[in-house]
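Trainee: the following comprises the amino acid sequence and a computationally predicted model.
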Amino acid sequence: REPLRGEFPKKRDSVQRWELLKGRMERTRRAGGTGRSAACYADWEIMLQYCFPRLDINVSKGVGHLLKSPFSVHPKTGRVSVPLDLQRLDQFDPFTVPTIRYLDAASDDGEQEEGGETEPKRRARDYKRTSLAPYVRVFEQFVEEMERARRGELLRRSGES
């Protein structure tokens, strides 16, 4: 801590200070710490404390909250909770997610366009004509990756016994 206190005032802006801190933490982790039993992750702790979204207590304790349930609808805003593509996180705008009102209108429009198709078959594909489709693809890819990982784990376990 003391060496950083001496070096921080020499840096002109927060970017330089952050780079100094990150570099120091990385060197400390590579060196195995300074005699402590655990590696130092102060940089990660700072990011968690100051950069990640903060949740109030009611968000965290409710089992049915949106963060725990993809594709649910927020009762006040009508926005649909959607899974995020981590590769495109910088482009995500929470105010452009589909709303239940929009999805309902899009579904009604689809019913008028398709007259001869049976109800269950048509309903299974309704989402594909809406702005919900890319989020469903993200969720399907996540589930497929989980299935592959699970199959790999089962195969690995069967080889051990």
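Mentor: Received the coordinates, thanks.
Trainee: least trustworthy helix or strand in this structure by mean pLDDT?
Mentor: helix 119-125 (a mean of 61; mean pLDDT, DSSP states H and E).
Trainee: which SS state does the residue nearest to the spatial centre of the chain fall under?
Mentor: Centre of the chain computed as the mean C-alpha position; nearest residue by Cα atoms, centre = their mean is L84, 4.9 Å away. Here L84 is coil, with the state taken from DSSP: H, G, I helix; E, B strand; the rest coil.
Trainee: look up how far R17 lies from it.
Mentor: L84 is 29 Å from R17, where distance means Cβ to Cβ, to the nearest Å. No exception for glycine: its C-beta is placed from N, CA and C like everyone else's.
Trainee: still on that earlier bit, let me see the contact set for the residue nearest to the centre of the chain.
Mentor: When contacts are counted by Cβ atoms under 8 Å, 6 or more residues apart in numbering, L84 is found next to F92, V138.
Trainee: and the helices in this protein?
Mentor: When secondary structure is read from DSSP state H, the chain shows helices at 2-7, 14-31, 42-50, 57-61, 100-113, 119-125, 133-160.
Trainee: pipe those helices into JSON lines and attach mean neighbour count per row.
Mentor: Converted to JSON lines, those look like this (neighbours: other Cβ atoms under 10 Å):
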{"stretch": "helix 2-7", "mean neighbour count": "10"}
{"stretch": "helix 14-31", "mean neighbour count": "13"}
{"stretch": "helix 42-50", "mean neighbour count": "12"}
{"stretch": "helix 57-61", "mean neighbour count": "9"}
{"stretch": "helix 100-113", "mean neighbour count": "13"}
{"stretch": "helix 119-125", "mean neighbour count": "11"}
{"stretch": "helix 133-160", "mean neighbour count": "11"}
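Trainee: V73: which of those helices is closest?
Mentor: Nearest to V73, of all the helices of the chain, is helix 100-113, at 4.8 Å by Cβ to Cβ.
Trainee: got a pLDDT number for G110?
Mentor: Looking at G110, its pLDDT stands at 59.
Trainee: just T77 next, same as before
Mentor: In this prediction, T77 has a pLDDT value of 89.
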